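A.B. asks: Pasting the sequence and the predicted coordinates here, then a few questions.
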Amino acid sequence: MSYSFFGTCANDHYQFFECLNTIVEQTILPKEIILVNSGEEDIKNYIIEKIKNKNIDLVYISQKSSRVKSLNLAIDKSNSEYSFRFDSRSRFSKSYAENALKILNDKSINAVVVGGVPSIISESKDFQSILCAEIFRRSYIFFYPRHRNIKYSGYASSLYLGCFKTDLLKKIRFNENKSLISEDSLIINDFLDRGYKAYISSKIKVSYKCRSSFINIIRLFNTYGYCRANTIFISKKIFISKRHFFIFLILFMITTYLIIISPFYLIFLPIFILLVNFFGEINFYNRDFKIYIPIYATLCQFSWILGFLWRIISILKNNNTKSNFIS
């Protein structure tokens, strides 16, 4: 029951080295580590030094290419029964691989890809870094998806990174035909479309070191909204789940009601969303309540809405095929 860790890095080697430390401390060591390095610095000797006493093979590829193409290049090199993806900013608990292998071999679950909901780590102790981490810790900001509920165990339509059966991963592969933001979500969608199951377990412990610029978080939400609209155009799926339908229905009804009263009353829409965020903060984070988080969350959500609307408005101006399948 062998497995490989595979992934990419660019010029964020210091982040990858931290990730590597958690890979080589697994209770069940990987057969091999497969890395496609798109960065300027050659780090092969550092990795060899790190794993020389661990009985782990290294497949090291130095090549400048997109992340999705690099991931497919990596999985083509895998010689293990299972392939576990890593990201430079991911940090794994010691039992991560052990628990993932148990669940992959649990016939009662019958899943071919499994994963865990990441706990979010701030990059530093300054306010902006902590703020960014706090935003991504709060599932209410994303309207409560299962794959952001750290206590959730069960089937899901999206998960972080992924622990795959290698033979199926080599057949399905990461989609290189679209410019992606979240290749994680898209490949899980491709697995589900073929009738396979994806499973999240609270026993699969993983962390993610969050970026520390709030401006970049705003831009990320804007891009997410833009790509969600693209997903609808390309997939012809308006709602991927019931959650999307109910969110749309509530926002549509409120917006329509405000317009009927007077278009001027649309200025109250941000206030309504802010109040919903305050409810989420109070209800789900009462012990860790921070009054400023709902305010910043509302800014992020409106950045998402603006990105979504901009893609709809610009549909006649270009034929962009960027997609995401964020769920």
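C.D. replies: Thanks, I have the structure now.

A.B. asks: Next, the buried residues of the helix or strand encompassing Leu186.
C.D. replies: Leu186 is located in helix 183-193, with elements delineated by DSSP states H and E. Within helix 183-193, the residues that count as buried by 16 or more other C-beta atoms under 10 Å are 183-189, 191-192. Quick note: C-beta positions are derived from backbone N, CA and C, even for glycine.

A.B. asks: by contact count, what packs against that helix?
C.D. replies: Here helix 183-193 touches helix 67-76, helix 166-172, strand 198-200, going by 3 or more C-beta pairs under 8 Å, 6 or more residues apart in numbering; DSSP states H and E.

A.B. asks: How are the strands of this structure distributed by residue range?
C.D. replies: 3-9, 32-37, 57-62, 82-86, 90-92, 113-115, 119-121, 154-155, 163-165, 198-200, 206-209 (DSSP state E).

A.B. asks: Relative to Val276, which of these is closest?
C.D. replies: Closest approach to Val276 among the strands of the chain (C-beta to C-beta): strand 119-121, 21.4 Å.

A.B. asks: average pLDDT across that closest one?
C.D. replies: Averaging pLDDT along strand 119-121 gives 94.

A.B. asks: hmm, who's touching it?
C.D. replies: Strand 119-121 is contacted by residues 91, 133, 136-137, 150, 205-210 when judged by C-beta atoms under 8 Å, 6 or more residues apart in numbering.

A.B. asks: got the residue ranges for the helices in the stretch 101-250 of the chain?
C.D. replies: 127-137, 166-172, 183-193, 214-235, 242-261 (DSSP state H, counting those that start in this stretch).

A.B. asks: And Ile232, what's its pLDDT?
C.D. replies: 74.

A.B. asks: mind starting the numbering at 7 from now?
C.D. replies: New numbering, starting at 7: the last item is Ile238.

A.B. asks: Once you drop chain neighbours, what's closest to it?
C.D. replies: Leaving aside its sequence neighbours, Ile238 sits nearest to Ile244 (C-beta to C-beta, 6 or more residues apart in numbering; 5.7 Å).

A.B. asks: measure the one you found to Asp199 for me?
C.D. replies: 16 Å (C-beta to C-beta, to the nearest Å).

A.B. asks: what does Ser72 give?
C.D. replies: Applying C-beta to C-beta to Ser72 and Asp199 gives a distance of 23 Å.

A.B. asks: By mean pLDDT, point me to the weakest helix or strand of the protein.
C.D. replies: Here the helix or strand of the chain ranked lowest by mean pLDDT, DSSP states H and E is helix 248-267, holding a mean of 78.

A.B. asks: how far out from the middle of the chain is that helix?
C.D. replies: 27 Å (C-alpha atoms, centre = their mean, to the nearest Å).

A.B. asks: Just the CA trace of that helix, in CSV.
C.D. replies: C-alpha atoms of helix 248-267 as CSV (Å, rounded to 0.1, in the frame of the first residue of the first chain):
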residue,chain,number,x,y,z
LYS,A,248,-28.9,23.3,-3.4
ARG,A,249,-26.8,25.7,-1.3
HIS,A,250,-26.1,27.8,-4.3
PHE,A,251,-29.8,27.9,-5.3
PHE,A,252,-31.0,29.0,-1.9
ILE,A,253,-28.4,31.7,-1.6
PHE,A,254,-29.3,33.0,-5.1
LEU,A,255,-33.0,32.9,-4.2
ILE,A,256,-32.7,34.9,-1.0
LEU,A,257,-30.5,37.5,-2.6
PHE,A,258,-32.7,37.8,-5.6
MET,A,259,-35.9,38.2,-3.6
ILE,A,260,-34.3,40.9,-1.3
THR,A,261,-32.8,42.8,-4.3
THR,A,262,-36.1,42.7,-6.2
TYR,A,263,-38.1,43.8,-3.2
LEU,A,264,-35.7,46.8,-2.6
ILE,A,265,-35.9,47.8,-6.3
ILE,A,266,-39.7,47.6,-6.2
ILE,A,267,-39.8,50.0,-3.3
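
A.B. asks: Okay, angle between it and helix 220-241 too, please.
C.D. replies: 100 degrees (axes from the mean of the first three to the mean of the last three C-alpha atoms, to 10 degrees).

A.B. asks: so what does helix 248-267 touch, helix or strand wise?
C.D. replies: Here helix 248-267 touches helix 275-290, going by 3+ C-beta pairs under 8 Å, 6+ apart.

A.B. asks: Domains of this protein: list them as residue ranges, please.
C.D. replies: 9-123+158-217, 222-322 (automatic domain parsing).
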